[in-house]
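predicted model follows, preceded by the sequence.
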Amino acid sequence: MSGFLSRLDPRRVPWGAAGLALRARVLRTKPVESMLEGSGAAAAQGARLAKVLTTLDLISLGVGSCVGTGMYVVSGLVAKEMAGPGVIVSFIIAAVASILSGVCYAEFGVRVPKTTGSAYTYSYVTVGEFVAFFIGWNLILEYLIGTAAGASALSSMFDSLANHTISRWMINSVGTLNGLGKGEESYPDLLALVIAVIVTIIVAMGVKNSVGLNNVLNVINLAVWIFIMIAGLFYIKSDNWAEGQFLPFGWPGVLKGAATCFYAFIGFDIIATTGEEAKNPNTSIPYAITASLVTCLTAYVSVSMILTLMVPYDAIDTESPLMEMFVVHGFYAAKFIVAIGSVAGLTVSLLGSLFPMPRVIYAMAGDGLLFRFLSHVSSYTETPVVACIVSGFLAALLSLLVSLRDLIEMMSIGTLLAYTLVSVCVLLLRYQPESDIDGFVKFLSEEHTKKKEGILADCEKEACSPGSEGEEFSGPPTNTCGAKNLPSLGDNEMLIGKSDKSAYNVNHPNYGTVDMTSGIEADESENIYLIKLKKLIGPRYYTMRIHLGLPGKMDRPTAATGHTVTTCVLLLFVLMFIFCSFIIFGSDYISEQSWWAVLLVVLMVLLIAVLVFVILQQPENPKKLPYMAPCLPFVPAFAMLVNIYLMLKLSTVTWIRFAVWCFVGLLIYFGYGMWNSTLEISAREEALHQSTYQRYDVDVDPFSVDDGFSFAPEGESYPAWGPSEDKSFSYQQMAGAKESHRTSGRSKSKGRHKPPSDALIANDELDYSPE
């Protein structure tokens, strides 16, 4: 009967178990220790990426990857076709969105600094495997299109220097590619293909070689930028900014231009992919991201001002705007000086797009989410050479077949989505309870946090609450509770529970976790004014905080508060998407001041404000990091809003192409990556190990822990551990042994590490076969 009832266990139902196992797979996270000590193919082969990059190298990579295409191509394209002189405002709006996302990237970078793979790796160790794959897949799209766009821009610049001789020869000799680009003038760009192949070879030769070339080209680009600023001052005309000329397409054109201008700031996330190759990633990554974004904004605004003041917006050449603006005024020599800067800037921008792409592929392949042969690292060049060759070939093929205009617009959508997800992750992590970084989703399991919250609650009741109103108040409550009732453990071990000791290493950096050795008010202990206020008003201080809607004395996040923040963030994302969609596609009703449209906008704004306010009231994780995004939750929330709006401003064709790319990614993940990831293989090995060495009695719950000291039922003996039955041994039956073996098994299993129920279900599903 008991065997029959065990089969009715919900965890034994195939469909239910399959669903729970799928949930466990898509939410599983990568242990941070596996990256700090080396993992994947690189670790297996003994090959590691070289740590040679300084802070200045990272800034140079970030600036170079942005400035080239943005300054020499995007500025003229947006000014002529979208915003006019208002391109300056478009660049500023795009810069704000980039800086907001940049500070979130910087915090992610210092949480898990010794990694490669950028937002992909950060998401893998914090949020889960599926989200990580989705972000990584879209980062590959970003870098793939960025490389192709850089090669196409260089080809267009050489064609402009040759008075379009190259393009005319291609059209007459090779033909056109109708449907892939701009109609009849779209031709197979063989020169762009050759450029992409050459740059791929340079990147595959080694990181130090490519960074050295990057620095030299940046110096040349800086000198040309100074020349443009000084020489352009002699040809500016204020009439080009006359009334009605600054915003010829209105604010809709400015906002549409901002979505395209965002492409010009995309390169900063290259910095986040170099964590494994940076000498001091903890400080270098956030500083380099901030410095590169500010530098790029300065360059774009200054160049756009000179361009639109020298040439009327409708006369700007979209192919080579900075070279042709001097030709209009008869300064022909300047064309060749600017051409040198264009070659340098576009080449370094091309390097900036191609440099991180193989590293993201390398990281994903090393984790088994992409084909593992892509993670091979050359022992000679210390670079992921296979990933370099494959990604460079795909980018070259794309530059051959697709026009620059289509490449730029499609590139923005994948990047904006990746930046949005990074902002979501930072917002979630800062409000989660104490937990090692690889267990971020454990707060969804009540079983995992029950013991920890019980100990903390006991502490609060016994000794952590302030004295009564009549007693003298001597300061804030301290965490000295319950020592007489708890095992003799250290502070960390006492609060995380003995069963979690094996998963907690006090010697390694505890990324994204709460430092349990500090007091309950560690986040306020440094503020002397708050300490004086608490001493002045006594325990009424906490009552006042509650009346003001602030957290009370329990300033640490719990499972309940973490789940509240998660729910609010998901609702916030959906609501922002609906709000931005209505603002864009229902703008006519809003401009006509239709009562229902205005009411709907006001209602959605209020709901967004309420959700942000609810998040604000939750206790924040007091763990201090070398760099933390400021003004939570406002900065990540506003970054989400701006990024979603810019995504929806892109064309429908771009969304269709993006949907096709995502569909291909889903096929790869669910068809290959989910079943071949390193975590999946480890889970299978662990399940095989448990099924080989763990024994169960027929009357014992198959999900209970076997302590190895149970007694055999009366008149029976356990089967032998060895291969021969005649070597088996039996325990002498004692009175009540059968009953005592159950209680003993339960009591002795309390002190042993027992994984969460989700892990048991996932492992059980791996080797489950119906009888």
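Done, it's in.

residue ranges of each domain in this protein, please.
43-431+642-676, 437-547, 559-618 (automatic domain parsing).

just name the most buried of the ones you listed.
domain 43-431+642-676 (a mean of 21; mean count of other Cβ atoms under 10 Å). From N, CA and C alone the C-beta is placed, and that goes for glycine too.

can you tell me the element residue 89 falls in?
For residue 89, the host element (DSSP states H and E) is helix 87-111.

quick check: mean pLDDT across that helix?
Averaged over helix 87-111, pLDDT sits at 84.

same deal with stretch 158-170?
Mean predicted lDDT for stretch 158-170 stands at 82.

touching it from outside, list them.
155, 185, 187-191, 317, 319-320, 323-324, 336, 339 (Cβ atoms under 8 Å, 6 or more residues apart in numbering).

and the strands in the stretch 101-250 of the chain?
Ranges of strands within the stretch 101-250 of the chain: none, based on DSSP state E, counting those that start in this stretch.

tell me the helices and strands packed up against the helix or strand hosting residue 387.
Per DSSP H and E, residue 387 falls inside helix 385-401. Under the contact definition 3 or more Cβ pairs under 8 Å, 6 or more residues apart in numbering; DSSP states H and E, helix 385-401 sits against helix 129-161, helix 190-204, helix 332-354, helix 357-366.

what's the angle from it to helix 332-354?
Orientation check (axes from the mean of the first three to the mean of the last three Cα atoms, to 10 degrees): helix 385-401 against helix 332-354 gives 130 degrees.

so after helix 385-401, what's the next helix or strand?
Assigned by DSSP H and E, the successor of helix 385-401 is helix 404-429.

what helices or strands is that next one leaning on?
Helix 404-429 packs on helix 87-111, helix 119-126, helix 129-161, helix 250-261, helix 559-585, helix 634-648, helix 652-668, going by 3+ Cβ pairs under 8 Å, 6+ apart.

in TSV: the ones you listed, plus distance to residue 235.
As requested, the helices and strands packed on helix 404-429 are exported to TSV (distance: least, Cβ to Cβ, whole Å):
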stretch	distance to residue 235
helix 87-111	18
helix 119-126	43
helix 129-161	19
helix 250-261	24
helix 559-585	38
helix 634-648	33
helix 652-668	36
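
out of the ones you listed, which comes closest to residue 313?
Across those, residue 313 has its closest neighbour in helix 87-111 (8.2 Å, Cβ to Cβ).

follow-up on the earlier one: any idea which of the contacts of stretch 158-170 the model trusts least?
residue 185 (57).

now do the contacts for the nearest residue to residue 328 once chain neighbours are set aside.
Distance criterion Cβ to Cβ, 6 or more residues apart in numbering; nearest residue to residue 328, sequence neighbours excluded, is residue 311 at 5.7 Å. Contacts of residue 311 were listed using Cβ under 8 Å, 6+ apart, and they are 240, 321, 324-325, 328.

pull the most distant pair out of these.
For the contacts of residue 311, with distances taken as Cβ to Cβ, the pair at the greatest spread is 240 and 324 (15.3 Å).

that older thread, just name the closest of the contacts of residue 311 to residue 260, please.
Using Cβ to Cβ, the contacts of residue 311 come closest to residue 260 at residue 321, 14.2 Å.

now do the contacts for that closest one.
72-73, 75-77, 79-80, 307, 311.

again, only using 6 Å
Residue 321 makes contact with residue 76, according to Cβ atoms under 6 Å, 6 or more residues apart in numbering.

pLDDT wise, what is it at?
Looking at residue 321, its pLDDT stands at 88.

again, but for residue 713
pLDDT, residue 713: 50.

residue contacts, the nearest residue to residue 420 once chain neighbours are set aside?
The shortest distance from residue 420 to any non-neighbouring residue, by Cβ to Cβ, 6+ apart, is to residue 643 (4.4 Å). Contacts for residue 643 (Cβ under 6 Å, 6+ apart) come out as 416, 419-420.

how far away is residue 643 from residue 255?
Distance, residue 643 to residue 255, using Cβ to Cβ, to the nearest Å: 13 Å.

what's the answer for residue 267, then?
Noted for residue 267: a distance of 22 Å to residue 255, by Cβ to Cβ.

now do residue 380
The gap separating residue 380 from residue 255 is 49 Å, by Cβ to Cβ.

wait, which of the contacts of residue 311 is closest to residue 677?
Proximity of the contacts of residue 311 to residue 677 (Cβ to Cβ) peaks at residue 321, which lies at 46.4 Å.

and the closest one, how far is that from residue 315?
Between residue 321 and residue 315 the computed distance is 10 Å (Cβ to Cβ).

give me the low-pLDDT residue ranges for the stretch 101-250 of the chain?
Applying pLDDT under 70 to the stretch 101-250 of the chain picks out residues 112-118, 177-186, 207-210, 243.

that older thread, mind checking which of the domains of the chain is nearest residue 628?
The stretch from these with the least distance to residue 628 (Cβ to Cβ) is domain 43-431+642-676; that distance is 5.6 Å.

ok, and the closest non-adjacent residue to residue 149?
In this structure, residue 149 finds its nearest non-sequential neighbour in residue 407, 4.1 Å apart by Cβ to Cβ, 6+ apart.

pretty sure the one you found contacts residue 150?
No: contact criterion Cβ atoms under 6 Å: residue 407 and residue 150 do not qualify, at 9.3 Å.

gap between residue 163 and residue 335?
Relative to residue 335, residue 163 is positioned 11 Å away (Cβ to Cβ).

kindly report the same for residue 86.
From residue 86 to residue 335 the distance is 26 Å (Cβ to Cβ).

residue 358 now?
Counting by Cβ to Cβ, the gap from residue 358 to residue 335 is 35 Å.

and what of residue 406?
Relative to residue 335, residue 406 is positioned 27 Å away (Cβ to Cβ).

and if you look at residue 654?
33 Å.

and residue 53, what are its phi and psi?
As for residue 53, its main-chain torsions (degrees, to the nearest 10) stand at phi -90, psi 130.

go through the helices and strands packed on helix 404-429 and name the closest to residue 343.
That would be helix 129-161 among the helices and strands packed on helix 404-429, by Cβ to Cβ, at 7.0 Å.

just to revisit the earlier point, output the helices and strands packed on helix 385-401 in TSV; the columns should cover distance to residue 662.
Shown next, in TSV, are those (distance: least, Cβ to Cβ, whole Å):
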stretch	distance to residue 662
helix 129-161	7
helix 190-204	24
helix 332-354	20
helix 357-366	15
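
before we move on, the earlier item: closest one to residue 617 among the helices and strands packed on helix 404-429?
helix 559-585 (9.1 Å).

what's the angle between that closest one and helix 250-261?
For helix 559-585 against helix 250-261, the angle by the same axes, to 10 degrees is 120 degrees.

pLDDT averaged over helix 559-585, what's the number?
91.

what angle sits between that helix and helix 404-429?
150 degrees.

still on that earlier bit, ok, and what's touching the helix holding residue 89?
By Cβ under 6 Å, 6+ apart, helix 87-111 touches 78-79, 83, 122, 254, 257-258, 261-262, 265, 268, 272, 282, 285-286, 289, 293, 297, 300-301, 304, 419, 422-423, 426, 511-512, 625-629, 635-636, 638-639, 642.

perfect, that will be all.
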